[in-house]
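Enquirer: here is a sequence with its predicted model. Questions after.
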Amino acid sequence: MYKHQVDLRVRYSHTDQMGYCYYGNYAQFYEIGRVESLRSLGFPYKSLEQQGVLLPVTDFTIKYLSPAYYDDLLTIHTVIKELPGVRIKFEYEIFNESGEKLNFGATTLVFVNKVSGKPIKCPEELSKQLKEYI
């Protein structure tokens with residue numbers, strides 16, 4: 001299992017009229033976790049795109065437990081539990097500074113050839129890198 005974590009501070013623009021971090025922002029927070037986890041493996045999204053590989057999201061799930069508030073420091077835990085084929089699944093948990101789990105969820109993405117728009121297998125180099133953990 002590959003694990004990565006990144007911190008993010010809730011900005012004023014992330015909050016709604018109730019003072020909560022707006023629920024729609026969590027898709028972006030999950031993206032930050034996903035992008036930074038791939039970067040830590042040596043595969044920034046930009047380089048994948050330059051190689052002609054796109055990664056559209058095909059599934060997004062989330063379960064909210066407690067709200068985050070303005071200026072909270074959040075830690076996004078991102079996990080990859082399975083070796084990717086044509087799809088790659090990321091699981092997430094977000095915690096506040098007190099260690100309270102605020103939500104958890106998952107996204108599934110598909111490796112797509114940029115030119116043809118057709119699904120392709122995970123780049124071999126990424127698969128090799130993940131084999132060390134999974």
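Expert: Arrived safely, thanks for sending.
Enquirer: centroid-nearest residue for the chain?
Expert: In the chain, the residue lying closest to the centroid (Cα atoms, centre = their mean) is residue 34, at 2.6 Å.
Enquirer: show me the contacts for it.
Expert: 78, 90, 107, 109 (Cβ atoms under 8 Å, 6 or more residues apart in numbering). From N, CA and C alone the C-beta is placed, and that goes for glycine too.
Enquirer: again, 7 Å this time
Expert: 78, 90, 107 (Cβ atoms under 7 Å, 6 or more residues apart in numbering).
Enquirer: the first one contacts residue 32, doesn't it?
Expert: No: in this structure, residue 78 sits apart from residue 32 without contact. The criterion is Cβ atoms under 7 Å, and the distance is 9.0 Å.
Enquirer: any stretches of this structure with poor pLDDT?
Expert: The model of the chain has no residue with pLDDT under 70.
Enquirer: for it, which segments count as helices?
Expert: 25-40, 45-50, 124-131 (DSSP state H).
Enquirer: tell me the bridge partners for the closest residue to residue 68 other than its chain neighbours.
Expert: Using Cβ to Cβ, 6 or more residues apart in numbering and skipping the chain neighbours, the partner closest in space to residue 68 is residue 21 (3.9 Å). Applying DSSP bridges to residue 21 gives these bridge partners: residue 15.
Enquirer: if you count surrounding residues, which of residue 78 and residue 32 has more?
Expert: residue 78 (24 against 16; other Cβ atoms under 10 Å).
Enquirer: how much space separates the closest residue in space to that one that isn't next to it in sequence from residue 79?
Expert: Spatially, and ignoring its direct neighbours in sequence, residue 78 is nearest to residue 33 (3.8 Å; Cβ to Cβ, 6+ apart). Per Cβ to Cβ, to the nearest Å, residue 33 is found 9 Å from residue 79.
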